[in-house]
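Undergrad: Would you be able to build a 3D model of this:
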Amino acid sequence: MTFTTRPELRGTFGAVSSTHWLASTVGMSILEKGHTAFDAAVAAGFVLQVVEPHLNGPGGEVPIIVTPAGADAPVVISGQGPSPAKATIQYFKELGLDIIPGTGLLAACIPGAFGAWLTLLRDYGQAELEEVLAPAIYYARTGHPLVPRIANTIASMQELFQTHWPTSAAVYLPGGALPQSGKLFRNPHIADMYQLILDQTKSAGSREARINAALDFWYRGPIAEQIEQFCETQEVWDVSGRRHKGLITAQDMADYTPSIEKPVSVTYGDCEVFKCGPWSQGPVLLQMLQILKGTDIADLDPMGAEFVHLVIETAKLAMSDREAWYGDSVDVPMATLLSADYADIRRALIGRSASLEVRPGSPDGRNPNLPPLRAVGTIMQPGLGGGEPTVAREQPLPNDRQGEPALTREGAQRGDTVQVSTIDRWGNMVSATPSGGWFQSSPVIPGLGFSLTTRGQMFWLEEGLNSSLMPSTRPRTTLTPTTVFRDGKPYMALGTPGGDQQDQWQLIMLLRHLHKGMNLQEAIDAPSFHTDHLPSSFWPREISLGAVTLESRFSNTVCEDLAARGHKITVGDAWSEGRLSAVAREMDGDVQLVKAGANPRGVQGYAVAR
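TA: The predicted structure is shown next:
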């Protein structure tokens, strides 16, 4: 029997899996009230803003894949807000910048999460807004036990808060002291904000009218006005080492509406895998599956060097296409990128040795255009904050791995995001990947209690790319939830935090589950890996050619084999790669069986099912 940290949960009523146990239990409580997976996801999403503020917040974004029971295909709610109307390449050039800072206000995009969650609630759910907001209000006002990683992150930001971001210090350094792990932490400003929205909209009429009134309050009322005032009046220190004002206006907020879109998909065996469009990195997973169709991946040892090499080389090719072609643009040749013929061409480039090149393809005969490829260390860093939330943890190699000259170790745990996946007794499913607005990104807005997303750092300031900065355009986000149909029926909803690694980790889990029969928990728990052979989506946008990080649970033999092929191997902590959350369903006669698994890494993700 394969080792697991916990069982794959099974039941018939419903399941919720997320990156924090409080969000998962809140989601299940909504199901227990007779509500849907849509309502449960919304309630869990708002709780995650409160209990994982280092990874997402009210000022962030969320792509959501929604699958109504019996649907032929899911739909996508894009909660990725666009850039401000005043955000142009010329504006940044005049500031003397050739890369968008990863912190502060210049990178702030329109916060789309609130609009996306309420769109899901209004159009698909049945619960009242008060029901789904009540748990978040409770934990913000009464407090939630602070997990060690948040306490450590606040400590790493203490100097920046005290020196440059006093509004953040007022919230996250209460009384001037560092909050302690395990103790209750409160953010009453968020509780007051959400309660004010409820109070101001309760007399609007019908349920739909009240939700629409709440959207207006946020995007065309007091919240938008406070965001504009903060951006207009505050010069905020950022990683450029200088102070800048923000660009978001109340009109930008008023112009925003979450879009409802068709997903993109490919078939893989008896499955069809659905992702958000190329304004996300989601199609990367689909391109990787297309390439792997024509290989012997199904026969390989999923913990062996050949498996790792093949997945890594496939990821390099798909990620290079991401850099050359993806963006919020009508010019993305998506049909060709996902075609079998194109995959055949790309697959032929994979050899026995590690490629140290960035090799985008030429779909439809078009010439690719890559952004700058800056090696790690190219951008001088001021030492306070950064683009991607990173909590450094120094951890030694295991005793039997000491003194290995060909290998290094990595002590950084990365994550910029949270995840929630839900399924109910009727077969409705949701996969959502909220992010942005983490407290490392920008100062807390006084009176609101939250920070603005800095997702705009994912734009390039070079002309001619599909992901070049343009006004009122979505950045090509890393956020990438997944939904899988099997034999034409909804089967699985999954996702993970992890920036550029999200689709790599989801691919590895899917391959092990679909080909090797690992259950959800086994596939999540199994040792994982990723490559950084790609321009990072986060400031300072650097690339590490040939870099592969593996959890230390891989054998010495695997690491040595990969190093001999030319991969530049880093050995990470034994439980450092991925924070996957997944739910699934199958039929046992006329009865639906639900399944769930959650990530043990970070010691806070949990699934609930019955």
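
Undergrad: Show the low-confidence segments of the stretch 1-150 of the chain, by residue range.
TA: 1 (pLDDT under 70).

Undergrad: 80 instead, please
TA: Applying pLDDT under 80 to the stretch 1-150 of the chain flags the ranges 1-2.

Undergrad: cool, and the stretch 401-550 of the chain?
TA: Residues of the stretch 401-550 of the chain that meet the cut-off, pLDDT under 80, sit at 401-416.

Undergrad: ok, 50 please
TA: 401-415 (pLDDT under 50).

Undergrad: which stretches of it form strands?
TA: Using DSSP state E, counting those that start in this stretch, the strands of the stretch 401-550 of the chain run over residues 408-410, 412-414, 420-423, 429-432, 482-486, 489-495, 529-531, 542-543, 547-551.

Undergrad: For the fourth one, what is the distance to the chain centroid?
TA: The one in question is strand 429-432. 13 Å (Cα atoms, centre = their mean, to the nearest Å).

Undergrad: partners of it, with directions?
TA: Sheet pairing here is set by DSSP bridges, and for strand 429-432 it gives strand 62-67 (antiparallel), strand 420-423 (antiparallel).

Undergrad: Kindly reformat the ones you listed as TSV and extend each row with mean neighbour count.
TA: C-beta here means a position set from N, CA and C on the backbone, and glycine is covered the same way. Formatted as TSV, these follow (neighbours: other Cβ atoms under 10 Å):
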stretch	mean neighbour count
strand 62-67	29
strand 420-423	34
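
Undergrad: Burial check on Gly205, number of neighbours?
TA: Using other Cβ atoms under 10 Å, the number of residues around Gly205 comes to 11.

Undergrad: got the residue ranges for the strands in the stretch 51-200 of the chain?
TA: Assigned by DSSP E, counting those that start in this stretch, the stretch 51-200 of the chain shows strands spanning 62-67, 75-79, 144-145, 184-185.

Undergrad: coming back round to it: could you redo the strands paired with strand 429-432 as a markdown table and give each row distance to Ile543?
TA: Shown next, in a markdown table, are these (distance: least, Cβ to Cβ, whole Å):
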| stretch | distance to Ile543 |
| --- | --- |
| strand 62-67 | 25 |
| strand 420-423 | 31 |
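
Undergrad: rewinding a little: ok, which of the strands of the stretch 401-550 of the chain comes nearest Gln592?
TA: Closest approach to Gln592 among the strands of the stretch 401-550 of the chain (Cβ to Cβ): strand 420-423, 8.8 Å.

Undergrad: Could you report the neighbour count for the closest residue to Ala108 other than its chain neighbours?
TA: Once flanking residues are discounted, Ala108 sits nearest to Leu452: 4.2 Å by Cβ to Cβ, 6 or more residues apart in numbering. Using other Cβ under 10 Å, Leu452 has 32 neighbouring residues.

Undergrad: okay but Leu452 is in contact with Ile223, surely?
TA: No. Under the criterion of Cβ atoms under 8 Å, Leu452 makes no contact with Ile223, lying 11.6 Å away.

Undergrad: orientation of the lengthiest helix in the chain relative to strand 547-551 in degrees?
TA: Counting residues, the longest helix found in the chain (DSSP state H) is helix 305-325. Put simply, helix 305-325 runs at 130 degrees to strand 547-551, going by axes from the mean of the first three to the mean of the last three Cα atoms, to 10 degrees.

Undergrad: How about residues contacting the helix or strand following helix 305-325?
TA: Going down the chain from helix 305-325, the next helix or strand is helix 334-337, by DSSP states H and E. When contacts are defined by Cβ atoms under 8 Å, 6 or more residues apart in numbering, helix 334-337 is touched by residues Val264, Gly277, Pro278, Pro283, Gln287, Asp321, Trp325, Tyr342, Gly361, Pro363, Asp364.

Undergrad: do the same with stretch 363-382
TA: Here stretch 363-382 makes contact (Cβ under 8 Å, 6+ apart) with 99, 239-241, 320-321, 323-325, 333, 336-337, 342, 358, 360-362, 460, 462, 464-465, 467, 535, 539-545.

Undergrad: Now that stretch: average pLDDT?
TA: In this model, stretch 363-382 carries a mean pLDDT of 88.

Undergrad: ok, now stretch 569-588?
TA: The model assigns stretch 569-588 a mean pLDDT of 95.

Undergrad: ok, back up a step: any idea which of the strands of the stretch 51-200 of the chain gets closest to Gly115?
TA: Of all those, strand 75-79 comes closest under Cβ to Cβ, at 6.3 Å.

Undergrad: centre of the chain versus that closest one, how much separation?
TA: Chain-centre distance of strand 75-79: 14 Å, with Cα atoms, centre = their mean.

Undergrad: Check stretch 507-516 too.
TA: 20 Å.

Undergrad: Chain neighbours aside, what residue packs nearest to Leu22?
TA: Nearest non-adjacent residue to Leu22, counting by Cβ to Cβ, 6+ apart: Val51, 5.1 Å away.

Undergrad: The one you found touches Ala23, doesn't it?
TA: Yes. Assessed by Cβ under 8 Å, Val51 is found in contact with Ala23 at 6.6 Å.

Undergrad: of these two, who's got more company?
TA: Ala23 (36 against 27).

Undergrad: Okay, buried residues for stretch 432-449 please.
TA: Across stretch 432-449, burial judged by 16 or more other Cβ atoms under 10 Å covers 432-445, 448-449.

Undergrad: buried stuff in stretch 508-528?
TA: Judged by neighbour count (16+ other Cβ under 10 Å), stretch 508-528 contains these buried residues: 508-516, 518-528.

Undergrad: Among those, which lie within helices?
TA: Within the buried residues of stretch 508-528, residues falling in helices by DSSP H are 508-516, 520-525.

Undergrad: So which of those is the closest to Tyr172?
TA: For those, the closest approach to Tyr172 (Cβ to Cβ) belongs to Ile524, at 30.8 Å.

Undergrad: Look up how far Lys595 lies from the closest one.
TA: According to Cβ to Cβ, to the nearest Å, Ile524 stands 12 Å off from Lys595.

Undergrad: Likewise for Pro135?
TA: In this view, Pro135 and Lys595 are 25 Å apart by Cβ to Cβ.

Undergrad: Any idea how far apart the tips of stretch 519-537 sit?
TA: Start-to-end span of stretch 519-537 (Cα to Cα, to the nearest Å) is 32 Å.

Undergrad: and that stretch, how far from the chain's centre?
TA: Between the centre of stretch 519-537 and the centre of its chain there are 13 Å (Cα atoms, centre = their mean).

Undergrad: For the closest residue to Lys316 other than its chain neighbours, give me phi and psi.
TA: Among residues not flanking Lys316 along the chain, His533 sits closest, at 5.0 Å (Cβ to Cβ, 6+ apart). For His533, the backbone dihedrals (degrees, to the nearest 10) come out as phi -80, psi 70.

Undergrad: His533: neighbour count?
TA: Neighbour number of His533 under other Cβ under 10 Å is 24.

Undergrad: and if you look at His20?
TA: Count around His20 with other Cβ under 10 Å applied: 26.

Undergrad: How much space separates it from Leu55?
TA: Taking Cβ to Cβ, one finds His20 at 9 Å from Leu55.

Undergrad: burial measure for Lys93, as a count.
TA: When neighbours are defined as other Cβ under 10 Å, Lys93 has 11 of them.

Undergrad: Isn't it up against Glu462?
TA: No. Using Cβ under 8 Å as the test, Lys93 is too far from Glu462 to be in contact (10.6 Å).
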